[in-house]
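Engineer: structure, please.
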Amino acid sequence: MIDARDVLTRAHREEWARVVATVAKRFGNLDTAEDAAAEAFATAAEHWPSDGIPPNPGAWLTTTATRKAIDRIRRESTRDARHREAQLVYDTEAEALGVINDDRLRLFFICCHPALGIEARVALTLRMVGGLSVPEIARAFLVQETTMGARITRAKAKIAAAGIPYRVPAADDVQRRVSGVLAVLYLIMNEGYLASGPDTAPVRDDLTGEAIRLTRLLHELLPEDGEVTGMLALMLLTDARRVARVSSAGELVPLADQDRGQWSAAQISEGHALVRERLASGMAPGRYQLLAAINAVHTDGDAPDWAQIVALYDQLVELDSSPIVRLNRAIAVGERDGLDVGLAQIDTLNDKLQQYHPYHAARADFLRRMGRAPASRAAYEAAIGLAGNTAEVAFLTRRRDEVGE
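Structural biologist: This next block holds a predicted model:
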C-alpha cells in the first residue's frame, strides 16, 4: 500500500519549485505564490492520508495553490477596500471641510455619484448604506429581484471600470448629489412606514427614525433647498400618524378611520410650518414639496379637502407622471367627483400596475363602496396575493371577507 505521506514528501521535493513558479508567473508575485503553495501542501497533508492520493499529485497541488492564491488576493483586495473606505469617511481633509459631519450621511453622498444614473445611485446606496435588502429595494422600484440584483451589480462594475472614486464630495459638489440622497431617504422612510416584507414588523421605527434624523441634518446643511425642506415636512407629517396606523389587533388602519387624537401634534405643527415656509418663498414647488403639501391637507382639520388635494396632484403630475402618482390622483378624483369617475381613471392604469398591490386595493375599495361585491372580492384577492406587509394583509383579508360572495 502506498503511503500518502511518502508521496507528499516526494512531491514536496519535486513539485515545490514548479508549483511556486507556475503561480508566480500567473499572479506576478513570488510571496503570494510561496504562501499559496505552502497552503496547498498543508491541505494535501490534511486530506491525502484519508481521501487518497489524486491521480496527478503535481496538477492537484498546482490547481489548489492557484485557488489559494486567488482567495488570498481577494481577501487582501477586500481588506484594502475597507481600509480605503474608512480613510474616506474619516479623512482629515474631508473633516476640515466641515460640510457633512455625520458619517452615515457622508456615505450616502459618497455613493450618490452623479456619474451613475439616478436609479443606479439610489439602488446602490440603499443596498450598501441604507440597510435594505435586494428584495426590499426591488419592491420599491416595482421590478423583479433578479433585475434589481443585476442593476446593483452593473452599478458596482461601472464604478470599478470608470475608476469612480469613493470620496466625500466637496462643498460645491454637494448640490449635484442631493437629489440622489433625497431619493434614498424617501425610500428608506417608505420602507419603514409600511414595511414591504412579511418577515418584519409592519412599521419599522428604526428606519423611519433614521430617515428623519438624516433629513434633519441635511436640512441644517442646506436650509435654503426647497426639496430638502419639503422632504423633512413630508416625513414629519407621515410619521406623525405612525401610532394610529396599526390597531392593537395588528391590522392596518386606513387614514380615514384613524384616531386623530393619537397623531403627534408636535410633528404635525412642525411639518405644517415647513410647508408654509416653502409657500411663502414664492418659488415653484418641487416633487417633495408638493407631496408634503398634500400630506398637510390630509392632516388639517377633521376631513381632507379633496378639491385642494386634486389641485396639488395636478401640479405633481406635471413633474412626475409616474403610474403611482396618477393612481393617487385618481383616488383623490374619485373622492371629489364620485367613485365611478375615480374608478374609470384607476382602470386606465391596469397595464402599468398589475404587480402593484395598492392598485388592486384601491379598486377593491371603490368597488366595495359601489356595491359591486364579486368584482370587489376579486380585487381584494389580487391585492392580498401581492401585499407583503402583515398588517396590510390582515386589513385586506377582513375587508374581503366582509364583502362576501
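
Engineer: pLDDT of whichever strand or helix holds residue 41, averaged?
Structural biologist: According to DSSP states H and E, residue 41 maps onto helix 30-51. Mean pLDDT, helix 30-51: 73.

Engineer: for that helix, which helices and strands make contact with it?
Structural biologist: Other elements packing on helix 30-51 under the criterion 3 or more C-beta pairs under 8 Å, 6 or more residues apart in numbering; DSSP states H and E are helix 4-27, helix 57-90. Bear in mind the C-beta positions are built from the backbone N, C-alpha and C, glycine included.

Engineer: average pLDDT for the longest one?
Structural biologist: Per-residue confidence for helix 57-90 averages out to 63 on the pLDDT scale.

Engineer: for the shortest one, same thing?
Structural biologist: Per-residue confidence for helix 4-27 averages out to 61 on the pLDDT scale.

Engineer: do stretch 284-302 as well
Structural biologist: Predicted confidence along stretch 284-302 averages 94 (mean pLDDT).

Engineer: for residue 299, give its distance to residue 114.
Structural biologist: Going from residue 299 to residue 114 by C-beta to C-beta, to the nearest Å gives 35 Å.

Engineer: tell me which of the two has more neighbours.
Structural biologist: residue 299 (21 against 14; other C-beta atoms under 10 Å).

Engineer: isn't the more buried one up against residue 271?
Structural biologist: Yes. Between residue 299 and residue 271 there is a contact under C-beta atoms under 8 Å: 7.4 Å.

Engineer: which residues do those two both contact?
Structural biologist: Residues within reach of residue 299 and of residue 271 at once, by C-beta atoms under 8 Å, 6 or more residues apart in numbering, are 237, 240.

Engineer: all strands of this protein, in order?
Structural biologist: Under the criterion DSSP state E, the chain carries no strands.

Engineer: sorry, back to before: distance between the helix holding residue 41 and the chain's centre?
Structural biologist: Counting by C-alpha atoms, centre = their mean, to the nearest Å, helix 30-51 is centred 43 Å from the centre of its parent chain.

Engineer: then stretch 292-304?
Structural biologist: Distance of stretch 292-304 from its chain centroid, counting by C-alpha atoms, centre = their mean, is 27 Å.

Engineer: for that stretch, buried residues please.
Structural biologist: The neighbour-count check on stretch 292-304 (16 or more other C-beta atoms under 10 Å) flags 292-299, 304 as buried.

Engineer: show residues contacting stretch 208-228.
Structural biologist: Residues from elsewhere that reach stretch 208-228 (C-beta under 8 Å, 6+ apart): 99-102, 104-105, 108, 174-175, 178-179, 181-182, 185-186, 188-189, 192-193, 229, 231-232, 235-236, 239, 242, 278, 281, 283, 285-289.

Engineer: for that stretch, output the C-alpha coordinates as CSV.
Structural biologist: What follows is stretch 208-228, C-alpha atoms only, in CSV (Å, rounded to 0.1, in the frame of the first residue of the first chain):
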residue,chain,number,x,y,z
THR,A,208,-38.3,55.9,9.9
GLY,A,209,-36.4,57.4,12.8
GLU,A,210,-33.0,57.2,11.0
ALA,A,211,-34.6,58.7,7.8
ILE,A,212,-35.9,61.7,9.8
ARG,A,213,-32.6,62.1,11.7
LEU,A,214,-30.6,62.2,8.5
THR,A,215,-33.1,64.5,6.7
ARG,A,216,-32.9,66.9,9.7
LEU,A,217,-29.1,67.0,9.3
LEU,A,218,-29.5,67.6,5.5
HIS,A,219,-31.9,70.4,6.2
GLU,A,220,-29.3,72.0,8.5
LEU,A,221,-26.7,71.6,5.8
LEU,A,222,-29.0,73.0,3.0
PRO,A,223,-31.6,75.2,4.7
GLU,A,224,-32.4,77.1,1.5
ASP,A,225,-33.0,73.9,-0.5
GLY,A,226,-36.8,73.7,-1.0
GLU,A,227,-36.8,70.0,-1.8
VAL,A,228,-34.9,69.2,1.4
